[in-house]
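Asker: predicted model follows, preceded by the sequence.
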Amino acid sequence: YSFAQSGPLQKKRSCTDILCVLLLLGFVGAWIFVGYLGYSEGNINRVIYPTDTQGHVCGYGKMADRPYILLFDLTECLNPAALISGCPTPHVCVHHCPTETYSPWGALQTNQNENDIKDRMYEYCNVKSRSDLDKKSVKALIEEKLCPPWYIESSSLFGRCFPMSHNSTTDQKRSKSSADKKVLIRATEDPNSKTINTTVLDQALYGLTAYLNIREVGERVFSDLAETWWMIGLGLIGACILSFVWIVLMRFLAGLMVWLSISVIFFGTGGLLGYCGYRLYDVWTKETKESMKNILEVNWTPEYLNDLLKLRDTWLAFTIILAIIFFVIFCLFIYLRQRILIAIALIEQGSKAVGHMFSTLFFPIIPFIFQLLVVGWFLIVAMYLASSGESEHRVIFQNNGCSNVPECQNFKSNQTCLVEDFKDCAERCPDATCQFFRYKNNKDFSWLQLVNLFGLYWGIFFFSAYGELVLAGVFSKWYWTRKKDDVPTCQLLRSMGIAIYHVGTLAFGSLVLAIIRFIRTMVEYVEKKFKRMDNDLARCVLCMCKCCLWCLEKIMRFFNRNIYIMCAMKGTNFWKSGKDAFNLIMRNLVRVIVLDGVCDFLLFLGKLVIVLISGTLSYFIFGRYIPDIQEHIPNLYYMFTPIVFIVIGSYLIASAFFGVYSMAVDTLFLCFLEDLERNDGSEGREYYMSKSLKKILGKMERTAAARNTEQYRMIESKGGNKRP
């Protein structure tokens, strides 16, 4: 190296990979044009709001004052054909969901005044005005599917009117017999003489939502969140403070904090293993009927989690899994104890670098905001493109009583139809309807969704790469400066400016990852199509392709990260940075694999400690194990609802903080390897590394020299014994 004295940092920068910059700008322009096409041809309200039988969008346009949709007969949705052709019952946009249970057909049978009946059912009829309603009798309105024969007290959910649950608790559902079920609509109150009770209604409701108790579970979860949202917020703020304090402490006590992390994980895992073993022993000795059930025998109810924790098999599985994890962690600590020392030294250097420039801890917010903008643009364009098609209607014959009607003989069930062409059949046969099914995709715009998807991948990977390049520039500048106090305080802003020169390099690396991810998506799409076919060979080949593409993406992510470090350090283009990074890694392959893995593992332990502390504290708080604050904890349906949100949020927050640390360690490690090759510690070629790294490096070199000398003596002695 001819410039070993000044280090590898390139002061004069020039634009790299200009062709990729032009390619990126061209694609951004094309993506904006795709969005314009979707905006000009689509109607996003079709996706946001529900649509009635005639294809009118509820809450928009002519139906602006009717934001909710009401299904005339929800029990028709029990038919499996509803999954293909849609629920075969009229849908109508209404001002509000029904606030009472009432049957216009039943009232008509008891000779009630028709004007009074029309006053009560007008809000739920598919007519333009009250004058259109008065032109026909109640019987004609019901038979022509303009008004519902009955409706039930309902509440809105995502713009749909769903009947309210009439069974308050799960235990009541289990204890009630069929004779005790409440009858809501009698057979005399329905044109088809159908009795509607709570059992039939709940089956229809659950069948439509495709989940047995999704509504009840959802209501309970939202109720718990409404009660504890401020406590969850405090928990996440506490996780932020804990992460920040942990990083500050690592600046001064990196070794102690790492060993403390290892101890917390080791003893924490052992404690969980002991607790699960105790619960297993307790359940095993009691042997109740509920504990001996199989996991598949547990009913899927809102109390599913509590029932699951009563099983012997549950605690047996927890104990085995934790025992395996505990054994693996123990073996790793024993085997890697020497490598942990140099990893701690690197983490100490990373701590000093981050501590010298605390602003880097908050920098990930900037690329994250840009990624949110990319995702938002993708969703908007996707919804506009999805709503750019024309409305598709399909024929619905409810009772198959229209086969003898001449006007209906040219139509078949589930066949596409036009409302104008179907009028004659609908007038002669009230059981036949040309019902709105969906908005079919515009064939000319279908491929534009692929462009939109590729733009999502490229944009997310680009801004992720931007964050890595900026941080690499900051930390490489810190390493290659002998007097650390000479590093500018505004180095982060300077690095952000330098990154502009390397937009082409960022575009190149992110383009490669986007292409790999796009191919993975296409392979997964093809795999879903092949699931319908009984072809084991094709599924096996596709599975192998998915595995190879996943490995390829992981490898490219690793090399891209090191390429950005080299680019930030030397200012070279993508290919030159890739060549230098690859050669440097291959010359130090063992060090890279072992130390990089150990450092990542130790940083992961730090994140795990923060999550473990947050989760444990929240468990004791919401489990009412702290007597002093029991009175302030609200009664919850599920104790684990706020705990899960706090644990997930704590992990994301810790990942953001430690992500900066990880980038610092990776950058300093690559600089460390570069330093070893550029310098030898002699006068004029002094190392840039810290004294702690020099000390550990010296021990490793002496150990390696002693090992090589011993091996040489053994070879010589064996060679001497063979001589005559």
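Answerer: Yep, it's here. Residues are numbered from 1 along each chain as shown.
Asker: neighbours of residue 591, just the number please.
Answerer: As a burial measure, residue 591 scores 17 neighbours (other Cβ atoms under 10 Å). All C-beta spots, glycine's among them, are computed from the backbone N, C-alpha and C.
Asker: now do the SS call for it.
Answerer: Here residue 591 is helix, with the state taken from DSSP: H, G, I helix; E, B strand; the rest coil.
Asker: got a list of what the residue lying closest to it once chain neighbours are set aside touches?
Answerer: Distances taken as Cβ to Cβ, 6 or more residues apart in numbering put residue 673 closest to residue 591, at 7.0 Å, once the chain neighbours are dropped. Going by Cβ atoms under 8 Å, 6 or more residues apart in numbering, residue 673 touches 584, 587-588, 591-592.
Asker: mind running it again at 10 Å?
Answerer: Listed by Cβ atoms under 10 Å, 6 or more residues apart in numbering, the contact set of residue 673 reads 584-585, 587-588, 591-592, 595.
Asker: between those, which sits nearest residue 322?
Answerer: If you rank the contacts of residue 673 by distance to residue 322 using Cβ to Cβ, residue 595 comes first, at 28.4 Å.
Asker: and the closest one, how many neighbours?
Answerer: A count of neighbours around residue 595, defined by other Cβ under 10 Å, yields 22.
Asker: sorry, back to before: pLDDT value on the residue nearest to residue 591, please?
Answerer: Note on residue 673: pLDDT of 84.
Asker: now swap in residue 484 and tell me
Answerer: Per-residue confidence (pLDDT) for residue 484: 78.
Asker: one step back: buried ones among the contacts of residue 673?
Answerer: Neighbour-count burial (16 or more other Cβ atoms under 10 Å) is assigned, among the contacts of residue 673, to 584-585, 588, 591-592, 595.
Asker: adding distance to residue 606 and pLDDT, write the residues you listed out as a markdown table.
Answerer: Shown next, in a markdown table, are the buried ones among the contacts of residue 673 (distance: Cβ to Cβ, whole Å; pLDDT from 0 to 100):
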| residue | distance to residue 606 | pLDDT |
| --- | --- | --- |
| 584 | 27 | 88 |
| 585 | 25 | 87 |
| 588 | 25 | 79 |
| 591 | 22 | 71 |
| 592 | 21 | 78 |
| 595 | 17 | 72 |
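Asker: so can I have JSON lines of those showing distance to residue 260?
Answerer: As requested, the buried ones among the contacts of residue 673 are exported to JSON lines (distance: Cβ to Cβ, whole Å):
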{"residue": "584", "distance to residue 260": "33"}
{"residue": "585", "distance to residue 260": "31"}
{"residue": "588", "distance to residue 260": "30"}
{"residue": "591", "distance to residue 260": "26"}
{"residue": "592", "distance to residue 260": "27"}
{"residue": "595", "distance to residue 260": "21"}
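Asker: and for the closest residue to residue 434 other than its chain neighbours, the neighbour number?
Answerer: Nearest residue to residue 434 in three dimensions, chain neighbours excluded: residue 422, at 3.7 Å (Cβ to Cβ, 6+ apart). When counting by other Cβ under 10 Å, one arrives at 20 neighbours for residue 422.
Asker: what's the answer for the one 5 residues further on, then?
Answerer: Applying other Cβ under 10 Å, we find 12 residues neighbouring residue 427.
Asker: what about it, distance to residue 134?
Answerer: 20 Å (Cβ to Cβ, to the nearest Å).
Asker: residues near the closest residue in space to residue 360 that isn't next to it in sequence, how many?
Answerer: Distance criterion Cβ to Cβ, 6+ apart; nearest residue to residue 360, sequence neighbours excluded, is residue 660 at 5.3 Å. Neighbours of residue 660 under the rule other Cβ under 10 Å: 23.
Asker: and what of residue 636?
Answerer: 17.
Asker: now swap in residue 275 and tell me
Answerer: 14.
Asker: now do residue 517 against residue 381, distance only.
Answerer: Taken as Cβ to Cβ, the span from residue 517 to residue 381 is 18 Å.
Asker: what does the pLDDT read for the nearest residue to residue 326 once chain neighbours are set aside?
Answerer: Spatial nearest neighbour of residue 326, excluding adjacent residues (Cβ to Cβ, 6+ apart): residue 269 at 4.9 Å. pLDDT for residue 269: 85.
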